[in-house]
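Engineer: Got a predicted model here, sequence first, then my questions.
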Amino acid sequence: MPVLNLKSDFAGAETLPEQMAAIGRRARQAARGMALASAQTKDEALRRIADRLRADADAILRENARDVAAAREAGQPEALIDRLRLDAARLSGIAGAVEKVGALADPVGRQLAAIERPNGLLIERVAVPLGVVGVIFESRPNVTADAGALCLKAGNAAILRAGSDSFRTSQAIARAMAQGLAEAGLPADAVQIVPTRDRAAVGLMLAGLDSCVDVIVPRGGRSLVERVQAEARVPVFAHLDGINHVYVDRAADLAMARTVLLNSKMRRVGVCGAAETLLVDRACAGTHLQPLVVALLEAGCAVRGDAETRAADPRVTPASEADWGTEYLDAVIAAKVVDGLDAAIAHIETYGSHHTDAIVTADEEAARRFLAEVDSAIVVHNASTQFADGGEFGFGAEIGIATGRMHARGPVGVEQLTTFKYRVHGHGQTRP
């Protein structure tokens, strides 16, 4: 049974560029096989991958223990170590997530549009795989399985570059995935992991591996995403910041506003969908501002505000110009009173990152305008910004959140990992 063996596969390669070029060629070849795989075969492969992850649990957890020990020895913060650490329950959850991706509808082959021309030609627009997806990620080893499974479900091949912290764990997970693919009769090379910590490998992926990589998805901190966006010669699905706003309109129900705001900010402060700025309409500031600020403070959130917000509670500290454009990823929020909907939209356009922004209001016209005029990947009415997640959208999982305007926008799930082609059906027509 063929299983990916990184050492033997690259035994004859003398340089990193040669190793990476070999990975690219193998991925391109595997992508051709994946594009032709039936929905049933892909789903069987994902079930076998989940089974293999469970069967190889001891080996994966041993490698994870080595990664955790190395991170502790390097003095990494406890938050990073927690993201890195796996146990039996977490690994079981990873396997379960792979199975959930397998249970999704097949995105490949969907007819997106059909046009019948006056000359009798029938033109179909049909979903097809993207090809080879490069995923560059940092500490979380579960991304190896999540990203690989999503790419496979959409008929793609994946080249995964794990962070140094999760290097051993990710290698073990990738080996299990390759074996599951082979057991289902699909190319083991459809999931490959870069076999080195050398950061130069990232640059080679960003250059496209001799046109073998079709798209890059970075999953990590600002420095990683900035590098990818600056250097990539292939399309990128990514977001740089999640500077998300909750705007409390004059027609907002106060109890709803409090609930939505607290969940948007405090459910998980370190995720990209967390709210970072509160905007309150001046028309309701007299009744809404102080209760909202107090609710945040009592929940353990520091508030940095303009003069009117500081007047609402002495515990509020002054907000600087930089605060309006800061992604805190912490229990800190900036707060400001604005002169109505137009001013709120203008503030979001000036300081936002086009990720996720919410309005709380009972005024349907105000909500309609906000949803239409705020140019973000996700706009929300009367609900938390923390719904910015592929699982919450019913996508099963996500490979990331994209805030660009081309192709994918918002949570990138299996449908967003496809493109399309046109099929033209005729019966002998020629063009005059």
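Structural biologist: Yes, it's here.
Engineer: Now do the SS call for residue 159.
Structural biologist: Under the three-state scheme (DSSP: H, G, I helix; E, B strand; the rest coil), the conformation of residue 159 reads as strand.
Engineer: give the contact list for the residue nearest to it when sequence neighbours are not counted.
Structural biologist: With sequence-adjacent residues excluded and distances taken as CB to CB, 6 or more residues apart in numbering, residue 159 is closest to residue 134, at 4.7 Å. The C-beta positions use only the backbone N, C-alpha and C, and glycine is treated the same way. Residue 134 makes contact with 158, 159, 160, 161, 205, 209, 213, 215, 216, 217, 234, according to CB atoms under 8 Å, 6 or more residues apart in numbering.
Engineer: Please list all residues in contact with the third one.
Structural biologist: So the one you mean is residue 160. Under the criterion of CB under 8 Å, 6+ apart, the contact partners of residue 160 comprise 134-135, 137, 143-144, 147-148, 170, 174, 191-194.
Engineer: So what sits opposite it in the bridge?
Structural biologist: Residue 160 has the following beta-bridge partners by DSSP bridges: residue 135, residue 193.
Engineer: so how far is residue 234 from it?
Structural biologist: Per CB to CB, to the nearest Å, residue 160 is found 16 Å from residue 234.
Engineer: The first one too?
Structural biologist: Using CB to CB, one obtains 14 Å as the distance from residue 158 to residue 234.
Engineer: who has more neighbours, these two?
Structural biologist: residue 158 (30 against 17; other CB atoms under 10 Å).
Engineer: Can you classify the nearest residue to the more buried one once chain neighbours are set aside as helix, strand or coil?
Structural biologist: Of all residues beyond its chain neighbours, the one nearest residue 158 is residue 151 (3.9 Å), with distances taken as CB to CB, 6+ apart. Each residue gets one of three states, and residue 151 gets helix by three-state DSSP.
Engineer: ok, residue 151 touching residue 133?
Structural biologist: Yes - applying CB atoms under 8 Å as the test, residue 151 and residue 133 come out as touching, 4.9 Å apart.
Engineer: Now do the shared contacts for the two.
Structural biologist: Common neighbours of residue 151 and residue 133 are listed as 157, 158, 399, 417 (criterion: CB under 8 Å, 6+ apart).
Engineer: need the contact list for the second one.
Structural biologist: In other words, residue 158. Applying CB under 8 Å, 6+ apart, the residues contacting residue 158 are 27, 132, 133, 134, 135, 147, 148, 151, 152, 190, 191, 192.
Engineer: ok, the first one - contacts?
Structural biologist: Looking back up the chat, that one is residue 27. Residue 27 is in contact with 132, 157, 158, 159, 189, 190, 192, 209, 212, 213, counting by CB under 8 Å, 6+ apart.
Engineer: what's downstream of the helix or strand encompassing it, the next helix or strand?
Structural biologist: Secondary structure assignment for residue 27, by DSSP states H and E: helix 16-36. Per DSSP H and E, helix 16-36 leads on to helix 39-55 as the next helix or strand towards the C-terminus.
Engineer: how far does the next helix or strand after that following helix sit from the chain's center?
Structural biologist: Going down the chain from helix 39-55, the next helix or strand is helix 57-73, by DSSP H and E. Put simply, helix 57-73 sits 25 Å off its chain's centre (CA atoms, centre = their mean, to the nearest Å).
Engineer: helices or strands next to helix 57-73 in the packing?
Structural biologist: Packing partners of helix 57-73 (3 or more CB pairs under 8 Å, 6 or more residues apart in numbering; DSSP states H and E): helix 78-84, helix 88-102, helix 167-183.
Engineer: Mind putting those helices into TSV with distance to residue 386?
Structural biologist: Shown next, in TSV, are these (distance: least, CB to CB, whole Å):
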stretch	distance to residue 386
helix 78-84	18
helix 88-102	19
helix 167-183	27
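Engineer: Alpha carbons only: can I get stretch 351-370 in PDB?
Structural biologist: Extracted in PDB, the C-alpha atoms of stretch 351-370 (Å, rounded to 0.1, in the frame of the first residue of the first chain):
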ATOM      1  CA  TYR A 351     -11.000  52.300   9.800                       C
ATOM      2  CA  GLY A 352     -12.500  48.800   9.100                       C
ATOM      3  CA  SER A 353     -10.800  45.900   7.500                       C
ATOM      4  CA  HIS A 354     -13.800  44.600   5.400                       C
ATOM      5  CA  HIS A 355     -14.100  41.500   7.500                       C
ATOM      6  CA  THR A 356     -17.300  41.500   9.600                       C
ATOM      7  CA  ASP A 357     -19.500  44.400  10.800                       C
ATOM      8  CA  ALA A 358     -22.900  44.300  12.600                       C
ATOM      9  CA  ILE A 359     -25.800  46.700  13.100                       C
ATOM     10  CA  VAL A 360     -28.300  46.300  16.000                       C
ATOM     11  CA  THR A 361     -31.600  48.000  15.100                       C
ATOM     12  CA  ALA A 362     -35.400  47.500  14.800                       C
ATOM     13  CA  ASP A 363     -35.400  49.900  11.800                       C
ATOM     14  CA  GLU A 364     -35.600  47.700   8.700                       C
ATOM     15  CA  GLU A 365     -34.600  50.600   6.400                       C
ATOM     16  CA  ALA A 366     -31.500  51.300   8.500                       C
ATOM     17  CA  ALA A 367     -30.600  47.600   8.500                       C
ATOM     18  CA  ARG A 368     -31.200  47.500   4.700                       C
ATOM     19  CA  ARG A 369     -28.900  50.400   4.100                       C
ATOM     20  CA  PHE A 370     -26.200  49.100   6.500                       C
END
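Engineer: Quick check: the gap between the closest residue to residue 87 other than its chain neighbours and residue 90.
Structural biologist: Leaving aside its chain neighbours, residue 87 sits nearest to residue 61 (7.2 Å; criterion: CB to CB, 6+ apart). Taken as CB to CB, the spacing of residue 61 relative to residue 90 amounts to 9 Å.
Engineer: Same check on residue 263?
Structural biologist: Applying CB to CB to residue 263 and residue 90 gives a distance of 24 Å.
Engineer: Would it be right to say that residue 146 lies in a helix?
Structural biologist: Yes - according to three-state DSSP, the state of residue 146 is that of a helix.
Engineer: how near is the closest residue to it other than its chain neighbours to residue 94?
Structural biologist: For residue 146, ignoring the flanking residues on the chain, the nearest one in space by CB to CB, 6+ apart is residue 397 at 5.3 Å. Distance, residue 397 to residue 94, using CB to CB: 11 Å.
Engineer: returning to what we had before: number of residues surrounding the residue nearest to residue 87?
Structural biologist: Residue 61 is surrounded by 18 other residues when neighbours are defined as other CB under 10 Å.
Engineer: who touches it in this structure?
Structural biologist: Counting by CB under 8 Å, 6+ apart, residue 61 makes contact with 86, 87, 88, 91.
Engineer: Mind picking the two most distant members of those?
Structural biologist: 86 and 88 (8.3 Å; CB to CB).
Engineer: Please consider this matter closed, and thank you.
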